[in-house]
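the sequence isn't on hand, but the structure is:
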């Protein structure tokens, strides 16, 4: 990770592989399993027979037995906490009785089938399975399919499979990239199409989700991981440095920015990064911008403009801003609230809006998998009371039969 002094901005976003992804989507839509397997061999260097595309349920179940006990306990803690937070977000049906006598009931119903993409680039992501599958189960989704790129020899990663078991998922596919998104969106001989696709991925996966949206629902368009830290002079520079280094583990495209409310804090964090980095080879060569804000309000304005995926507020002056934040995927307040807790076990979801989408988009939640549906009833005299108003509007719009339909019921 490189410290770069400058202003409060991210590096330029990566280019999108639009044309190549469009070609992959078309080919999978026409060629089904055969196309998915050809792309799996080309991109993942894994040669699979058609019957190997879906992981055998016995292999999925057996994966829990080979997990290290500490990893299993970690996954179980994550599942329990994500489940508790997701359950608290469920909404009961609401019935509204209106003055003319009609009744409108608003209910939330789960989608039927969800596809989860678990990334497998730099490392497998069982935590993404937990975040997505646990939340979908709490939302009431009856069918969940998970896909992840195969490893060497076409092997499904046991940590991914074990996470699936702990989340109650047995339908797992050895496929990744844009071809996996195509299979989930359009269906193939082995993969039934889904209603919603969720989970982060590389630019190819993200572009594929963008292009299939409308054919299926998506959770959002995930870009590189983002962390913006606003830190006061009383923040621990080594902890701030560790949080920035941790996010740089996601890859060289990670977007990192430190806004200091004290010039000395920026120097101290840069020195801490210099001390810590040589012993941490998993940290990628991502650029971390730094900026000395003139005051806390200017720091908050800069953060709100970027609407970061993760926003950390560290130090008394920075933490006092927490109630004023309106644009961030998730806010971490205080020295103890490292972003890494949110990535794994805090209970909040780590599938978050990036690229400024926190201006209008929320974290993955039960709402991602549920749709609101109204049930309308007009008993007794309600049609007669409503028809004059409705008929006048319908005729004004040039729809006389709409008007007649209402008036007949009066």
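In hand now; what should we look at? Being a predicted model, the structure only gives us computed values, none of them experimental.

need the distance between the two termini of stretch 266-284.
21 Å (C-alpha to C-alpha, to the nearest Å).

okay, buried residues for the helix or strand of the chain with the lowest mean pLDDT please.
Sorting the helices and strands of the chain by mean pLDDT, DSSP states H and E puts strand 2-5 at the bottom, at a mean of 87. For strand 2-5, burial by neighbour count (16 or more other C-beta atoms under 10 Å) applies to residue 3. Placement of C-beta: from N, CA and C, glycine included.

ditto for stretch 76-84
78, 79, 81, 82, 83.

can you check stretch 196-215 too?
196-209, 211-212.

how near is residue 79 to residue 163?
8 Å (C-beta to C-beta, to the nearest Å).

overlap in contacts of the two?
residue 130 (C-beta atoms under 8 Å, 6 or more residues apart in numbering).

what's the biggest helix by length in the chain packed up against?
Criterion DSSP state H: the longest helix present in the chain is helix 69-87. Where contact means 3 or more C-beta pairs under 8 Å, 6 or more residues apart in numbering; DSSP states H and E, helix 69-87 is packed against helix 126-139, helix 158-166.

what's in contact with the very next helix or strand once past it?
Moving toward the C-terminus from helix 69-87, the first helix or strand encountered (DSSP states H and E) is strand 94-97. Strand 94-97 has contacts (C-beta under 8 Å, 6+ apart) with 103, 104, 105, 106, 107.

which residue, other than its chain neighbours, is closest to the fourth one?
In this structure, residue 106 finds its nearest non-sequential neighbour in residue 94, 4.9 Å apart by C-beta to C-beta, 6 or more residues apart in numbering.

tell me the contacts of the most centrally placed residue in the chain?
The centroid of the chain falls nearest to residue 351 when counting by C-alpha atoms, centre = their mean (2.7 Å). Shown in contact with residue 351 (C-beta under 8 Å, 6+ apart): 128, 131, 132, 198, 199, 200, 219, 220, 222, 363, 364.

so what are the sheet partners of the least confident helix or strand of the chain and their directions?
As defined by DSSP bridges, the strand partners of strand 2-5 come to strand 287-292 (parallel).

buried set for the partner strand?
287, 288, 289, 290, 291, 292.

on that earlier part again, how about the residue nearest to the centre of the chain, secondary structure?
Following DSSP: H, G, I helix; E, B strand; the rest coil, the label given to residue 351 is coil.

which SSE is residue 156 in?
Counting by DSSP H and E, residue 156 is part of no helix or strand.

how near is it to residue 266?
45 Å.

of these two, who's got more company?
Each of residue 156 and residue 266 has its neighbours counted (other C-beta atoms under 10 Å); residue 156 has more, 26 against 22.

apart from its neighbours in sequence, what residue is nearest that one?
For residue 156, the closest residue by C-beta to C-beta, 6+ apart turns out to be residue 55, at 4.9 Å.

would you mind confirming that the one you found makes contact with residue 172?
Yes - in terms of C-beta atoms under 8 Å, residue 55 counts as a neighbour of residue 172; the distance is 4.3 Å.

overlap of the contact sets of those two?
By C-beta under 8 Å, 6+ apart, the residues touching both residue 55 and residue 172 are 156, 161.

more neighbours: which of the two?
Neighbours per residue, other C-beta under 10 Å: of residue 55 and residue 172, the larger number sits with residue 172, 26 against 23.

quickly find the element holding that one.
Residue 172 belongs to strand 171-174, assigned by DSSP H and E.

counting by contacts, list what that strand packs against.
So strand 171-174, by 3+ C-beta pairs under 8 Å, 6+ apart, packs with strand 143-148, helix 158-166.

neighbouring contacts of that strand?
With C-beta under 8 Å, 6+ apart, strand 171-174 has contacts from 40, 46, 48, 52-55, 60, 143-150, 154, 156, 160-161, 164, 180, 183, 190-191.

now find how far off-centre the helix or strand just after it is within its chain.
Counting by DSSP H and E, the next helix or strand C-terminal to strand 171-174 is helix 177-186. Centre-to-centre, helix 177-186 and its host chain are 17 Å apart (C-alpha atoms, centre = their mean, to the nearest Å).

hmm, who's touching helix 177-186?
Residues outside helix 177-186 that contact it (C-beta under 8 Å, 6+ apart) are 20-21, 24-25, 27-29, 35-36, 39-40, 43-44, 115, 117, 145, 147, 149, 173, 175, 191, 193-194, 197, 201-202, 204-205, 207-209, 212, 215-216.

quickly list the domain ranges of this structure.
2-13+224-359, 32-95+110-218, 378-408 (automatic domain parsing).

JSON lines for those domains, including distance to residue 368?
Output for these, formatted as JSON lines (distance: least, C-beta to C-beta, whole Å):
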{"stretch": "domain 2-13+224-359", "distance to residue 368": "8"}
{"stretch": "domain 32-95+110-218", "distance to residue 368": "6"}
{"stretch": "domain 378-408", "distance to residue 368": "33"}
